[in-house]
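In: how would this look folded up:
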Amino acid sequence: MRDARDRSEYSKMYRTANADRLKKEKHDYYIKNKDEINAKKAIYREERREITNQKARVYYEKNKERIRLYQIINRVRYWATQTRNAHKSRGYNVLISTDDLHAYAETVETCYWCGLKIDWIPKPGKVSACLPALDRVNNGKVLDHIWTGPEDKSEGAVMITCHKCGTTKQNRTHDEFLEYCRKVVRIHQ
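Out: You can find the predicted model right below:
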């Protein structure tokens, strides 16, 4: 019994004294075997997909009210997290952090295009035109910073608009959408 305790103490001391070296070795091993490790992880995830989904459904059913309350209390943070993840899953290279997107979203009260108040709390069963949408200002595949204004022509700029304006803008750049709006006004004046 004493030997096991001694080995455990020695092991803790060794890991503490050599933490940097061990971390580097682990990182180097991962870099060297990255493809193999990721392939094994993908197989494991695929094999366990149904079990994972079932656990998620059970958890959601048990905690539905608590989850909904969290979404309401942390509505802007929840939106920032969900929006980032949705863009990632659609193949965009999302470099802007959830914290940066959340901080920016906290400052947005109205849609940049139409001026309507952004409705941060979605109503169950209803699609509000004023729900927030993340607009890729110049429709790049990289999302890396908050748009700084009309002079910002970079590909990775994002801004928050209402869902209706975001849908209307579609894949137009900022300047193309402005020209489109002017065209609509000219036709109907």
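
In: in the protein, which ranges drop under the pLDDT threshold?
Out: 1-2 (pLDDT under 70).

In: Give me the contacts around the helix or strand where residue 62 lies.
Out: Element membership of residue 62 [criterion: DSSP states H and E] is helix 49-73. By Cβ atoms under 8 Å, 6 or more residues apart in numbering, the residues outside helix 49-73 that reach it are 45, 78, 121. C-beta: built from backbone N, CA, C; applies to glycine.

In: buried subset of the residues you listed?
Out: residue 78 (16 or more other Cβ atoms under 10 Å).

In: can you list the domains in this structure?
Out: 2-43, 75-187 (automatic domain parsing).

In: Okay, residue 100 and residue 18: tell me how far apart.
Out: 36 Å (Cβ to Cβ, to the nearest Å).

In: What segments of the chain are helices?
Out: 2-17, 19-32, 34-47, 49-73, 75-89, 98-107, 163-169, 174-187 (DSSP state H).

In: now for those helices, which one comes closest to residue 150?
Out: Across those, residue 150 has its closest neighbour in helix 174-187 (7.1 Å, Cβ to Cβ).
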